[in-house]
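>>> Quick one, structure for this:
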Amino acid sequence: MRLTRLQKALWVAAGLAIVAFGVLVTIMNRAPEPAAQASFRPTFSLPDAEGRLRTAAEFEGKHLLVFFGFTNCPDVCPTTLSEVGQVMDDLGDEAEEVQPLFISIDPERDRELGLAEYTNAFHPAILGLAGDQAQTRAAADSFHIYYEREDTADASGEYSMSHSPALYLVGPEGDWLRQFTYGTPASDIVSDLQSRL
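Residues are numbered from 1 along each chain as shown. Sure, this is the predicted structure:
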């Protein structure tokens with residue numbers, strides 16, 4: 001069967017779209033180049049569930065496991081936070097040297113739904129932070145992560161959040177160390193942390 005020019009063009013366009021999607025996924029999950037790592041020092045200033053302002057400087061001396069997400073997330077967020085909870089359990093006494101943080105990218109709704117209750121469901125050590133829109137954007141930009149609200153197609157007013165799915169590791173002096181791509185097993189994260197503690 002001979003393909004028409006239009007059919008050929010559509011096949012080429014579909015192929016290019018698949019390649020572009022693959023490149024996008026790779027970029028979103030890729031760590032910064034080594035040259036960028038030396039000067040990459042993420043910061044944040046965000047209130048916890050009780051309204052107390054927490055900053056990166058407060059956690060100096062500890063490794064931070066940082067995840068950006070939202071409580072209505074159906075899959076990526078609960079999966080990652082479950083892994084973080086397992087990491088904290090598996091570290092045993094060394095868990096004292098690690099502080100896991102959940103930074104809300106949907107802070108207004110997450111505060112209403114109960115941020116502390118959400119994080120405690122995965123592990124009591126996970127500290128939830130939810131600021132205003134400006135504070136949230138500043139923290140996300142500092143970590144070089146992407147997030148965006150996605151409204152539903154109907155008129156219900158419902159929405160979801162699209163965001164970078166990685167888990168970020170920050171060193172005890174505040175330097176970005178690496179990111180764990182979505183789906184990294186807890187055992188791999190534990191091994192990496194134990195080599196640094």
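
>>> Any idea which helix or strand in the chain has the lowest mean pLDDT?
The helix or strand of the chain with the lowest confidence, counting by mean pLDDT, DSSP states H and E, is helix 34-37 at a mean of 40.

>>> State the mean pLDDT of the helix or strand following that helix.
Note on helix 34-37: by DSSP states H and E, the next helix or strand toward the C-terminus is strand 45-47. Mean pLDDT, computed over strand 45-47, is 97.

>>> And the contacts of strand 45-47?
Residues outside strand 45-47 that contact it (Cβ atoms under 8 Å, 6 or more residues apart in numbering): Leu53, Arg54, Thr55, Ala56, Ile103, Leu129, Ala130, Gly131, Gln135, Thr136, Ala138, Ala139. C-betas here are computed from N, CA, C, even on glycine.

>>> Which ones among those map onto helices?
Counting by DSSP state H, the part of these found in helices is Gln135, Thr136, Ala138, Ala139.

>>> Export the contacts of strand 45-47 as CSV, with columns for pLDDT.
Shown next, in CSV, are the contacts of strand 45-47 (pLDDT from 0 to 100):
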residue, pLDDT
Leu53, 97
Arg54, 97
Thr55, 97
Ala56, 94
Ile103, 98
Leu129, 98
Ala130, 97
Gly131, 95
Gln135, 97
Thr136, 96
Ala138, 97
Ala139, 97
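
>>> from these, which is closest to Asp110?
Of all those, Asp110 sits closest to Ala130, with 5.2 Å by Cβ to Cβ.

>>> The closest one and Leu193, how far apart?
From Ala130 across to Leu193, the span is 26 Å (Cβ to Cβ, to the nearest Å).

>>> So those two - more neighbours on which side?
Ala130 (26 against 20; other Cβ atoms under 10 Å).

>>> The more buried one against Gly51, yeah?
No. Judged on Cβ atoms under 8 Å, Ala130 makes no contact with Gly51 at a distance of 9.9 Å.

>>> Next, the contact list for Glu83, please.
For Glu83, the contact set (Cβ under 8 Å, 6+ apart) comprises Leu167, Thr184, Pro185, Ala186, Ile189.

>>> which of the ones in helices among the contacts of strand 45-47 are buried?
Gln135, Thr136, Ala139 (16 or more other Cβ atoms under 10 Å).

>>> Distance to Thr152 added to the residues you listed, as CSV?
Output for these, formatted as CSV (distance: Cβ to Cβ, whole Å):
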residue, distance to Thr152
Gln135, 26
Thr136, 21
Ala139, 26
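
>>> which of the contacts of strand 45-47 sit farthest apart?
Ala56 and Ala130 (16.0 Å).

>>> low-scoring stretches of the chain, by residue?
Applying pLDDT under 70 to the chain flags the ranges 1-39, 155.
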